[in-house]
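Student: Quick one: sequence plus predicted model below, questions after.
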Amino acid sequence: MKSRPIISIRQAVLLLLAALAGTACEKTVVLDLKQTEPQVVVDALLTTDTARHYVRLTRSTDFYSRNPPPPITDARVTVTDGQTTWDYRHQPDRPGWYLPDQPFAGRVGRFYRLRIETNGQLIEGGDELLRVADIDSIRFELDTDRVDNPNSEETDEQRARVWSLLFYAREPQDTRDFYLIKQYRNGRRVDGNGTQVLVSDDEIIGEAIDGVQLLDRYAPGDTALVEMFSISRTAYVFYSDLINVLSNDGGMFSPIPADPRSNLTGGALGLFQVSDVRRRSAVAPQPR
Amino acid sequence: MHAFNTPLWRFLMGMGLLGLLLAALAAPELRAQATRYTVSGYVKDADTGEELIGAAVMANTDPVSGVNTNDYGFYSLRLPAGRYEITVRSLGYATLRQSVDLTQGDVQLNLRLSPEGKQLDAVVIEGEKADRNVQDVQMSLSRIDVEQVRKLPMLFGETDLIRAVQFQPGVLQAGEGTSGFFVRGGGADQNLILIDEAPVYDVSHLFGLFSVFNSDALKSSDLYKGGIPAQYGGRLSSILDVRTKDGNDQRWGGSGTIGLMASKLFVEGPIAKEKASVMLSARRSYIDVFNFLLDEPARSNRIHFYDINFKISYKPTNKDRFFIAAYLGRDRFRFGSDAQFSWGNATTTFRWNHVFNSRLFSNTTLLFTNFDYLLEASQGATSFKWTADMQEYTLKQDFGYYLNPGNTLTFGLQATRRQFSPGIIRPGSGSIFANFELERMYAMDCAAYVGNDQKIGRRIALQYGLRFTVFQNMGPGEVVEYARTPEGVPDNVNIERLRVRRYGDWEAIKTYANIEPRASIRYLVDENSSLKASYNRMVQYIHLLNNSTVPIPFNTWTPSSEYLRPQIADQVAVGYFRNFGDNKWEFSTEVYYKAIADVTDFADNAQLLLNRDVAVQYRQGTGTGYGAELQLSRREGALTGFVSYTLSWATRQIEGVNLGREYFANYDRRHSLNLVATYDLSKVWNFGATFTYATGRPITLAQGRYSFDGYNVDYFTERNAYRLPDFHRLDLAATYNPKKNATRRWKQEYIFSVYNVYGRQNVFTYYTRIKQDDKGNLVGDGQEKEVRKLWLFSVLPSFAWTIRF
């Protein structure tokens, strides 16, 4: 489903060089990195779920900071679809989180605008809510390799994960669509320790999406949840850029890293994502 | 705005050069009083029959009446009727003197030079040394001694021409184990790399650990960094002109080598003595054989590469000579049973040298080059086959006209047809992928050039010329008009196709024409020293789609088009050249300034592969390179080699990249110091050493971090604001030739080598990750991040065994 196989090839290049050299090594170093002005970071999602959709506002920190990013607590946040405007209020029990008072559902075809005022800074962003295709199903398939050759370096818990997760859907060929897939194991996000993002551009994808293997493995009894979001082209660009940043090798074989392009103006990092969403969940069976 | 780009400058330069040329043409008519005759022919190695390129041929040891043999070993001297002593000098050969009687008419004279230490010829031999460093007009030229390359330390048992190129002054590299090189502030895509005149588009094996040049097959290798003669064009920064051996036309011989990573076989010999010869050289790696040493999953991978060089030469007479040369090479990587990728080059050269008369030499060349790559995943829902390729067909006609000893004219024409297939995806069965095909692109480019090598008195020599180029991006094809940002560049976030124009077969989509003036001057201060200066304009019409530091074979090339203007570089260089100790030592220093207009770069985060709208990612701006180079070499004796030092700056400023602010190019390195030496202790042992030191290259690193949807993301503010630590490394080699070789038919050679002798952990790159323990488990709540340094090689011994016959 990752529409960009080259990402893994770049990583393969480095692995290969390392494997060939036999002596290639890596270790942690501490660098003297420059200090920068903290930037406003917007993490906002509005979906077709009837829910109190969130806008989370924080600031960037120094690279070596051990603390969570500092929340912004005094912003004025509104969202509008041109007919209704929702005021998002700061939640003192969850610093940095802004929610509307009442739940509402985003509607397909509407254009939503976000407006944030904080400390004299005006940040705006907008996107159209696009329809998403249905997920036909998700299914488990036994990874016989992991059953036959258990990895002795893994913990028992890790070794028990022998099911891979397959994804099935129909991709409408008459529209230009972009997708984001989020995946969970027992309610926890599966994203390769914060390094993997599944997005797709339908340009090189056919109609039948049958049995695409998703990330990681599941143990018997684990609950898998898969969410598929429609995203705009701009949001797709943002996530592709995010992949560049997360899987970067410092610009040797991968592109020189740069902050992701986004649909926000006013000098903020992050994205205002507006999505239709579908979900499927399943429980991993006992292996026969 | 660079001064060289003003129309006035171009006009003056063009008119000035034209005036000089006309003066040169007119001059002999005014002076042609005495009867003149011509002595002409080829200069060859007496042992192998290989023609010698660039040998100095003089009448009565008077350099003013001398010429250098051309790229095919031909010379011609037009002299007033009389008796002369012809002197021929070439590095590594005993100087040859031969009388010639030019009182009766033109004379054809082929000259055979004996390698030094094998002075068997009956003719007079003196211990005189070549002094081209001082005498030649050509500056900014690194002649890479192919023989010496073979004695240098190896990496995994392979010596490599490109590694020797990377040691030259003015040349930088991005990191060890990479085959890209960067000349005087230019990118890796700005080097024209030729094998027997055919361009090679990707010189890497194993992503750059080795290059495609198998040292067995090589005859000569010249790197032009400036003052580039008018016959060459097409890239901005350098020409690496590699020529393979014609094959020994005296006797059969060859060698076989077993190295740590690859085996090689080389055979050459006469089909008809002194008339026809063949050369075949083949190399195949067998890393895959050693897979059992690796851990899973690397163990199930299959990796190999191979090279084949083949050449057949037919030299029935001095008048007509024919050559066919071919190169074929490929890398193949297989991962388990279901994924593979591969890439390879194929080139073919057909050459016909014809001597119309003793003064007019002609070379007709037909060239074909192909580069292709493939990525394939053959199983499951994500199976696909991705292919891309490009071809180039060239017809080239070069003439050399030996007007008189003071003027040698070169002129010619070139026509090239190019086609690019940037990417096709075919899904496997049951695959989610759809058929996807990027449109093929076509281009035609033509060039005409004229140049003259002129001597004015004893002290001044000139080399100047003009190259006129016309480039057309041709149909079939389409041009999309995109919505632009307020800054006027195509919007690469909200990509909007406004209009599409279609063009038919052979219809010109976009035409560019340029005049490229070239000029060099040498002023001889005294017998041992000279001053040189040069100016050259180079135009590059094809562009590499690559936004990393080191190109990978999956980067594709694209022609200049509606959205990509040709890149234009102007370079001036001045230098001082001096030889010491009876020409045993050569010293040179040069300073240069290079200004590049419309250097091609790409918007931040540009997605360049498999992108229909890749045109919106193009960004062009200015590039600047300047610096100083010093080199001290010793060309002859037991100890040979050189020390080179380069002080340089390379910057770029491009709207839409790094917020339009100037930044250091990825390969900018302030200091670079290289030492290359070989020492012949005895007939049994010789040693090689290389040492390299360079300022770390720039790198873009996080200046902060932030949190988005659970991801802990690096925050960047500036491109290339940091540097890797300084790079330095010492390599040593020893070659053992057993004493018994003297009497053996099969001579053996054992080569021992140690790479990175003192185990320096030279940083290849940095990357960041969320803090993890040794086992890869996250530390704490996932908030903390860390920087990892990656280095490729610690101490690496290697071994090769060669047998010569």
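Tutor: Looks like it came in fine. Only a predicted model underlies this, so the values are computations on that prediction, with no experimental measurement involved. Residues are numbered from 1 along each chain as shown, chains lettered A, B, ... in the order given.

Student: for chain A, what are the nearby residues on the stretch 501-650 of chain B?
Tutor: By Cβ under 8 Å from any Cβ of the partner chain, the residues of the stretch 501-650 of chain B that approach chain A are B:547-550, B:552, B:554, B:602, B:604-607, B:609-610, B:612. Backbone N, C-alpha and C define where each C-beta goes, glycine included.

Student: per-domain residue ranges of chain B.
Tutor: What automatic domain parsing lists as the domains of chain B is B:34-130, B:141-771+B:791-804.

Student: which one of those domains lies closest to A:Pro71?
Tutor: Comparison of the domains of chain B against A:Pro71 by Cβ to Cβ identifies domain B:141-771+B:791-804 as nearest, at 10.2 Å.

Student: What's the local residue count around residue 193?
Tutor: All of this is about chain A. 14 (other Cβ atoms under 10 Å in any protein chain shown).

Student: that's the other chain; I wanted chain B
Tutor: When neighbours are counted by other Cβ under 10 Å, B:Ile193 registers 24.

Student: Could you do A:Gly82 as well?
Tutor: Counted by other Cβ under 10 Å, the residues lying close to A:Gly82 total 9.

Student: and what of the one 10 residues further on?
Tutor: Under the neighbour criterion other Cβ under 10 Å, A:Pro92 is assigned a count of 8.

Student: Excluding residues flanking it in the chain, which one is nearest it?
Tutor: A:Thr73 (7.7 Å; Cβ to Cβ, 6 or more residues apart in numbering or on different chains).

Student: what secondary structure does that neighbour sit in?
Tutor: At A:Thr73 the chain is in coil, as set by DSSP: H, G, I helix; E, B strand; the rest coil.

Student: Please name the residues that touch A:Pro69.
Tutor: A:41, A:58-61, A:96, B:705-707 (Cβ atoms under 8 Å, 6 or more residues apart in numbering or on different chains).

Student: and the residues you listed, which are buried?
Tutor: Buried by 16 or more other Cβ atoms under 10 Å in any protein chain shown: A:41, A:58-61, A:96, B:705-707, out of the contacts of A:Pro69.

Student: what about the longest strand along chain A and chain B, any contact?
Tutor: Ranked by residue count under DSSP state E, the longest strand found in chain A is strand A:208-218. Yes - taking Cβ under 8 Å from any Cβ as the criterion, strand A:208-218 and chain B are in contact, through A:208-213.

Student: can you list the weak-confidence ranges in chain A?
Tutor: Scanning chain A with the threshold set as pLDDT under 70 gives A:1-24, A:288.

Student: Look up phi and psi at the residue of the stretch 351-500 of chain B found nearest chain A.
Tutor: Nearest to chain A in the stretch 351-500 of chain B, going by Cβ to the nearest Cβ, is B:Ala434, at a distance of 3.9 Å. With angles defined as degrees, to the nearest 10, B:Ala434 sits at phi -100, psi 160.

Student: any chance you could map the helices in the stretch 151-300 of chain B?
Tutor: Counting by DSSP state H, counting those that start in this stretch, one finds helices in the stretch 151-300 of chain B at the ranges B:161-166.

Student: do the stretch 101-250 of chain A as well
Tutor: A:144-148, A:156-159, A:233-246.

Student: No further questions, thank you.
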